[in-house]
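In: show me the folded form of this:
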Amino acid sequence: MSFWDHLDVLRGNLFRAMGAVCLCSVLGLSFKELLFDGVVLAPTRSDFIVYRLLGWSVSMDLINVEVSAQFFVHLKAAFAVGVIVAFPYVVWEVWRFLAPALYEREKKPVRMAFGMSTGLFYLGVLAGYFIVLPVCLQFFMNYTVSDTVANTITIGSYMSMFFSLVLLIGVVFEFPTVVLVLNRLGVLDRSMLRKGRRYAIVIVLVLAALITPADPFSMFVLAIPLYFLYEFSILLCSKSIAKSEAGE
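Out: Below is the predicted model of the structure:
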């Protein structure tokens, strides 16, 4: 196939993937009350399951200060629903595009990595929703510089933190998948990852700072699981090599 043929195939894969995301976004548009009252805004209430289990006192009243803000917040939330629900199909479309370029011996481990990517993405989303976001909200909503200053949070500010700490963390949790694929393709090995630990710490901190709001607390809350993902990637490479050697 020529370059333009590959580009045409890629265009088809991307079109179908985006179509699936848009189709699944209809769920977010159709079930507005369930989406916001049941999921998105649940961490703003004191009866959120994490707060009840840990005995935390967290509650926040959101306000809207822009005419069109709530409409666009709904659109963004619906799109996030589309990405989350359609993610397995998006991964499958990526696999369909890459599979013809792989050797037969490469297809099995890479297919396994792509299968693992869906679980890691959902694990990241759950970690962001049930761990990182509640911890950050508990800290910031109970922190004041003076009793005379009240926390008045806009819906836009909350949603910005919500998307950063839930959806993007799900994407970042794909790191072990990328490492495993590169390892099986011979681009990366565990010795390179072990030697790069000191650089990984710096990169993790920078990445956490970019994802989270501009504060050190939430940055470190996110940086800890991200570094564990790096160590998990080293373990995956070790097991992958061991299985390969056993097969030979």
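
In: ranges for the strands of the protein?
Out: Taking DSSP state E as the criterion, the chain carries its strands at 62-63, 153-154.

In: and of the ones you listed, who's closest to residue 175?
Out: Smallest distance to residue 175 across those (Cβ to Cβ): 31.1 Å, for strand 153-154. (Glycine included, C-beta is placed from N, CA and C.)

In: how far does that closest one sit from the chain's center?
Out: Centroid separation for strand 153-154 versus its chain: 24 Å, with Cα atoms, centre = their mean, to the nearest Å.

In: circling back to that earlier point, turn the strands of the chain into a markdown table, columns for mean pLDDT and mean neighbour count.
Out: Below are the strands of the chain laid out as a markdown table (pLDDT from 0 to 100; neighbours: other Cβ atoms under 10 Å):
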| stretch | mean pLDDT | mean neighbour count |
| --- | --- | --- |
| strand 62-63 | 94 | 13 |
| strand 153-154 | 93 | 15 |
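
In: what about the spatially most central residue of the chain, distance to residue 87?
Out: Centroid-nearest residue in the chain, with Cα atoms, centre = their mean: residue 170, separated by 1.5 Å. Separation of residue 170 from residue 87 (Cβ to Cβ, to the nearest Å) stands at 8 Å.

In: overlap in contacts, these two.
Out: Both residue 170 and residue 87 are contacted by 121-122, under the criterion Cβ atoms under 8 Å, 6 or more residues apart in numbering.

In: number of residues surrounding residue 46?
Out: Residues within reach of residue 46, counting by other Cβ atoms under 10 Å, total 11.

In: again with residue 200
Out: Applying other Cβ under 10 Å, we find 19 residues neighbouring residue 200.

In: I figured it was touching residue 230, is that so?
Out: Yes: contact criterion Cβ atoms under 8 Å: residue 200 and residue 230 qualify, at 4.9 Å.

In: what sits in contact with each of those two?
Out: Common contacts of residue 200 and residue 230 (Cβ under 8 Å, 6+ apart): residue 193.

In: which residue lies farthest from the center of this protein?
Out: Outermost residue of the chain (Cα atoms, centre = their mean): residue 148, 37.0 Å.

In: dump the residue contacts of residue 84.
Out: Residue 84 neighbours (Cβ under 8 Å, 6+ apart): 122, 125, 167, 170.

In: what about the residue nearest to the first one when sequence neighbours are not counted, distance to residue 151?
Out: Spelled out, that is residue 122. Closest residue to residue 122 apart from its sequence neighbours, by Cβ to Cβ, 6 or more residues apart in numbering: residue 170 at 7.0 Å. Shown here: residue 170 relative to residue 151, a distance of 27 Å by Cβ to Cβ.

In: where does the prediction get shaky in this structure?
Out: Within the chain, the segments meeting pLDDT under 70 span 1, 3, 212-215, 238-248.

In: which parts of it are helices?
Out: Along the chain, the stretches classed as helices by DSSP state H are 3-30, 32-35, 49-54, 69-98, 104-127, 133-141, 155-172, 175-184, 190-195, 197-211, 216-247.

In: quick revisit: ok, of the contacts of residue 84, which come out buried?
Out: With burial judged by 16 or more other Cβ atoms under 10 Å, the buried subset of the contacts of residue 84 is 125, 167, 170.

In: so the first one touches residue 168, yeah?
Out: Yep, that's residue 125 we're talking about. No: assessed by Cβ under 8 Å, residue 125 is found out of contact with residue 168, at 9.7 Å.

In: how about the contacts made by residue 41?
Out: The neighbours of residue 41, taking Cβ under 8 Å, 6+ apart as the test, are residue 62.

In: also residue 133?
Out: Each residue near residue 133 by Cβ under 8 Å, 6+ apart is listed here: 43, 161-162, 165-166.

In: name the member of those with the most neighbours.
Out: Neighbour counts for the contacts of residue 133 (other Cβ under 10 Å) peak at residue 165, which has 26 neighbours.
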